[in-house]
Every structure is written in C-alpha cells, then in structure tokens.
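K.L.:
how does the following fold in three dimensions:
(2 chains)
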2 protein chains.
Amino acid sequence: MAPHGDKSDAAEETMVAEAEKRPISTILIVMAMQSEALPVVNKLNLSEDLESVFPKGVPWVRYRGFYKDLNINLVWPGKDSSLGVDCVGTVPASLVTYASIQALQPDLIINAGTAGGLKAKGACIGDAYVASDVAFCDRRIPIPVFDLYGLGLRQAFSTPNLQKELNLKVGKLSTGDSLHMSTQDEASMVANDAVVKDMEAAAVAYVADLLKVPSVFLKVVIDIKDGEETTAEESLQSFAALERAVTQVIDFINGKCLSDL
Amino acid sequence: MAPHGDKSDAAEETMVAEAEKRPISTILIVMAMQSEALPVVNKLNLSEDLESVFPKGVPWVRYRGFYKDLNINLVWPGKDSSLGVDCVGTVPASLVTYASIQALQPDLIINAGTAGGLKAKGACIGDAYVASDVAFCDRRIPIPVFDLYGLGLRQAFSTPNLQKELNLKVGKLSTGDSLHMSTQDEASMVANDAVVKDMEAAAVAYVADLLKVPSVFLKVVIDIKDGEETTAEESLQSFAALERAVTQVIDFINGKCLSDL
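P.N.:
Okay, here's the model as predicted:
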C-alpha cells in the first residue's frame, strides 16, 4: 500500500496541474510603500476596502477592484501607527502576505516595488526586472544546513512568455532589511549573483511557498548600489516606470492560465 | 462631540485596565527551536495538538495543556520542510505569533529561548534575563524616522514583582537574523545598550504590539559574544536552565493578574 504522504502529494500535484490550466482570476499584488502603490491603484481604478479583511488594529491596507477579467487585490502593510512611515521590510511583508492569502485565496501573487540595482551587473535606473529567484542577503547562520536555511533561496514562478513579450530584464534578487547594506550583506549579494536588492521579496516568497501560491517578483531599479546617488527626478521616473510595468504585466496576465505565463 | 477615535481609545483603555485585574488564563509561549521547546513541553506535561489551529501545509507546531490554573499553549515554527532545520529568525516567529494570537486570543505572550550575551555587560552562560525592551540590530534605514522604524524599539510588559521574586537579571535585548553579527550589527547592539542578542524577540514584540497582547521576553544566555566558544556541556546546561526559568515564571504567573506581575 502506498504511504498516505505519497497519495496526498499526488492529489496535490493533480490539483496544481489543473489550476495551471484555468484562467487566472484572483491576483494579489503585494507592495511595501504607499508611493509605489498609489500610482497602480489609480491606474487600475482600485478602491480602498473599508470593511477590512484584516484584524482590528493592524495598519494593513487593501485596495480592490475588477480590471478586465481579473479580481485585483493590492495590499500594502500601511503606515507605522506610532511613527507614520511605511512599514517596509520582511516582517510586515510576510504578515500581510500571510493574512491576504488566508483571506483572499489568490491564484497568483505579484510582489512589485522599487529596488536597488548593481551597475556592474548591468542594472540602470528605471529598468524593470522579473526575478528568476530570490534569497536573503542578511541572514548569516554559519552552521551546516542552517546556512542554506538562512539564505532562503527560492525560485520564482516561471514566466518565460511574459518576460519575452514584455521585454523585461531577468535577474536574481537579494532581500535584506537594511537600506544600507553591511559589507557582509554586499558579499552575500555578490555570492548570490544578484543584480537587484530589495527589502521584502524573499519573505514574500517564503510565505507564498509555505501556502503554495505561485509568485512573481517585479522590481524597478530606483537606485544604483555601486554608482551615483539617485536624483529626485529619477525617483519619480522610477515610480512611473513601476506603474507601467505592473500594468503591462496585469494586461499580459488577463485571460491567461498560469501555464501560459 | 468627541471624535470617534477618542471614544474608541477610551473604551480600549478601560478594557485593558479591566483585563489587567482578571487572573491570567491563557498563555502563549513562543519558542524558536525544538531543543528549547521539548524540555518545557515535558516539564509542563503538554501534548502536541494534532488538530492544528494553523493552515494546512505550514510546519508550525502547537503543544497544549492545562497546568495548575493556566491554559498553556507553546508554539514553535517547526522544521523547514525542505531542509529539516528549525525555522529560526524573525519571519517565521512573526508568522506563528500572528496566527497563534488570532487562533488562541492569549492574555500574555512569553517569548522564551536561548540567546547570546555580552560578557562586557555582565552576562554569563546560563544567566536568565527578562528583557526590559527589545529592538532590531540589523535593520539600518538611515532616513529620518525610518531609522527609528528600523530600530523597532519596544518596551516589554512591565514585570517588577516577577523579576524581584525570581531574582532574574534584567537587560536590553537586540534581535537580528544572523547568528554571526556583522560589524554594523555589533555597533547597533552596543548603541542599543543591549546585553543579550537573539533572533526573534523584536519580531514577536512587533506582532504583539500590533494586536495589543502584553508580552515578556525570557532569554537564557547560551553563548558569550565577546568571549570563549560554548562547550557542548554548557549548551545542555543552558537548555536545562531555560526549562527551569520558564517553569518558575509560569509558577509565578499562576493565579495572578497582569497588574500583579
């Protein structure tokens, strides 16, 4: 008799294969900052959900709406209630992703935002990247196997047609909770062969993997880690480029199945 | 007419004050490693919850049982399903804390575990500390206000009677996702005036603060960051000291209100 585990795994694989052939319906867009989210909210004509699906007291914000054939949910961890700044970083991103998956059961997660890029690896301000895989660059646990756990390398959902059709750059993404990386974080990013660095993706990937939701990572370069400082105009251009990239990806996804991506 | 917000705040404060006068009933103990959790599970005679309150697929484990007048729940983020190691660090700790608060509505959270200590600040292997406050040491965001957000300094619930009665050391706690701190992490820990360093507390504090659950942090020193390497025997002694400290704290809490702690 086959062990129970094998049977469940086979059933799960069949369910996943079937889901990949159904048109994508519910999308969860996870963003970290209001300035990243609002241009997308406006472009896709989403409205803030006033009857929150989240627990009382949390600052998490959900915008929702139908766009073409898609049920779009854009979530953002909101502003810190004491300090008033965006709740950036891995902990709030993982929590809002977890709670949103539980409440909304999305077919696909898009973690979209701005990121730092490495000029030495070909990144320029305004470039839109789809991550091939994501990993942490600031979790050093130098004990065998724990080192791999700390790295937390995860493949993004494969999207060869989307990448080709929209002419997006593809590269590896490193995540860390510091905007200014330590020497060790930089070394880890280089060891990961990463071209872009953000503050949330590897945590979103961790949660999506736990709960078995396919996820893609769309990052627009807003500053160059190994180059000149970004000007205010370049920042604004990057937010506009992010809105265009998210809209293009949503337009591409509309009417397609996961296996078409 | 008073704004709605003030009315809610006043009602909330009254509820909190009343809760502080009721005997503590439901305790949530959050631990990061199986080797920390099992001695406590055995000592308090807890059983693994086989009908999980958590979503299908997550590795999170809950042990439960009644001990004296307390409903005890000990949760642990479990083993990584691919790598088989304990899911240490801030992201799994924040997720399991969030999901446990939602499912169990505890009166008090005890985040207990082993930690590194600074000899220069008086820490010795086996010392049990109650944290006065917790902060992150690896989230550097050098933008005004975001720097404070990254630090994430939070006061623990005040427990002067518990500290005095059990003769526990009291000190500041720094949290970071790396076992081996970078030079910048160490500088942040010194700037925080911290004496112990763990990998979860500031994330547990963040979630507890979001959902308004009082939380205490009990950490036993297992290695000295500015001293000799820990021997295997010292490690075992530290796990035993952790079990004793948790049991003493639980015994002290039994029959008391939050305001008695």
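
K.L.:
who's in contact with stretch A:44-59?
P.N.:
Surrounding stretch A:44-59, the residues in contact under the criterion Cβ atoms under 8 Å, 6 or more residues apart in numbering or on different chains are A:40, A:60-65, A:67, A:72, A:74, A:77-81, A:87, A:95-96, A:99-100, A:103-104, A:247, A:250, B:102, B:210-212. C-betas here are computed from N, CA, C, even on glycine.

K.L.:
inside helices: which ones of those residues?
P.N.:
Here DSSP state H is the test, and those give A:Val40, A:Leu95, A:Val96, A:Ala99, A:Ser100, A:Ala103, A:Leu104, A:Thr247, A:Ile250, B:Gln102, B:Leu210 as lying in helices.

K.L.:
would you list the buried entries among the contacts of stretch A:44-59?
P.N.:
For the contacts of stretch A:44-59, burial is judged from neighbour counts taken by 16 or more other Cβ atoms under 10 Å in any protein chain shown, and it is met by A:40, A:60-64, A:67, A:72, A:74, A:77-80, A:87, A:95-96, A:99-100, A:104, A:250, B:210-211.

K.L.:
now do the contacts for A:Ala99.
P.N.:
Taking Cβ under 8 Å, 6+ apart as the definition of contact, the neighbours of A:Ala99 are A:Val53, A:Phe54, A:Pro55, A:Val58, A:Trp60, B:Tyr98.

K.L.:
if you set the cut-off to 7 Å instead, what comes out?
P.N.:
Going by Cβ atoms under 7 Å, 6 or more residues apart in numbering or on different chains, A:Ala99 touches A:Phe54, A:Trp60.

K.L.:
now it: how far from A:Ser25?
P.N.:
Here the distance between A:Ala99 and A:Ser25 works out to 20 Å (Cβ to Cβ, to the nearest Å).

K.L.:
what do you get for A:Asn45?
P.N.:
Taking Cβ to Cβ as the measure, A:Asn45 falls 18 Å from A:Ser25.

K.L.:
swap in A:Ala128?
P.N.:
From A:Ala128 over to A:Ser25 (counting by Cβ to Cβ), the distance is 25 Å.

K.L.:
run a quick neighbour tally on A:Gly57.
P.N.:
The tally of other residues near A:Gly57 (other Cβ atoms under 10 Å in any protein chain shown) stands at 12.

K.L.:
quickly find the element holding it.
P.N.:
Under the assignment given by DSSP states H and E, A:Gly57 is not contained in any helix or strand.

K.L.:
got the residues of the stretch 151-261 of chain A near chain B?
P.N.:
A:Asp177, A:Ser178, A:Leu179, A:His180, A:Ser182, A:Gln184, A:Ala203, A:Tyr206, A:Val207, A:Leu210, A:Leu211, A:Lys212 (Cβ under 7 Å from any Cβ of the partner chain).

K.L.:
show me the contacts for the last one.
P.N.:
It stands for A:Lys212. For A:Lys212, the contacting residues are B:Gly57, taking Cβ under 7 Å, 6+ apart as the criterion.

K.L.:
over to it: give its phi and psi.
P.N.:
Note on A:Lys212: its backbone torsions stand at phi 60, psi 50 [degrees, to the nearest 10].
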